[in-house]
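1. Here is a sequence together with a model predicted from it:
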Amino acid sequence: MILKQKTFIFETMQTAIATPHRGFLLTSAAWKEVPELLCLEIPKIGEQLNQAIKFQDFGEAVSSVLFIAVMVPASHDDHRNDCRYNLKKKQIKIVYKLDYDFVMTASVSQFRAYFIEVLIGKLKQLHKQKAISDFDTVGLADAICALSERVFH
């Protein structure tokens with residue numbers, strides 16, 4: 001049953017990444033021992049963000065954020081963190097390896113708070129690396145932070 005669910009999650013992730021979208025698309029690539037419940041929380045967070053936040057409120061240059069949370073043991077060093085802006089797609093893409101030991105011991109609420117904290121941090125880091133013309137990345141991060149205080153804790 002777990003293998004079937006993990007395969008479904010992976011196929012869903014692959015389809016979602018290949019499909020153009022607007023808003024937040026949050027997904028994961030997870031080691032088999034990661035609790036399925038945590039993997040399923042990530043798209044739920046994305047849905048909640050999409051209901052509360054509209055990208056056009058922050059400018060025209062970004063229409064989506066794709067975040068792939070990588071949850072694998074530290075010994076699997078073949079996964080590289082990446083955070084970039086694609087002008088053609090109007091997309092911020094974040095691939096980030098979460099702290100596996102924390103993930104494996106976290107409650108759902110701890111995991112949600114940690115995930116949101118990482119998302120906010122990556123958006124602010126991207127702004128420091130390269131500000132996106134006609135988009136308020138810090139404003140988006142602040143909106144997520146304000147929402148998280150009400151919804152994700």
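-> Structure's in. What do you need? Computed from a prediction, not measured in an experiment: that's the story for all the values here.
2. tell me the contacts of the residue nearest the centre of the chain?
-> For the chain, residue 67 is the residue whose C-alpha lies nearest the centre (CA atoms, centre = their mean; 3.2 Å). Contacts here follow CB atoms under 8 Å, 6 or more residues apart in numbering; on that basis residue 67 touches 24-27, 42, 46, 93-96, 119, 122. The C-beta positions use only the backbone N, C-alpha and C, and glycine is treated the same way.
3. This protein: helices as residue ranges?
-> Remark: helices assigned in the chain by DSSP state H are 2-18, 36-52, 100-105, 108-129, 137-151.
4. I'd like the distance between the residue nearest to the centre of the chain and residue 119.
-> Distance of residue 67 to residue 119, given as CB to CB, to the nearest Å: 6 Å.
5. shared neighbours, these two?
-> Common neighbours of residue 67 and residue 119 (CB under 8 Å, 6+ apart) are 26, 94.
6. And the pLDDT for the residue nearest to the centre of the chain?
-> On pLDDT, residue 67 comes in at 96.
7. repeat for residue 130
-> 86.
8. Kindly report the same for residue 17.
-> Looking at residue 17, the pLDDT reads 51.
9. quick one: contacts for the nearest residue to residue 65 once chain neighbours are set aside?
-> Leaving aside its chain neighbours, residue 65 sits nearest to residue 92 (4.7 Å; criterion: CB to CB, 6 or more residues apart in numbering). The contact partners of residue 92, by CB under 8 Å, 6+ apart, come to 62, 64-66, 83-86, 123, 126, 132, 137.
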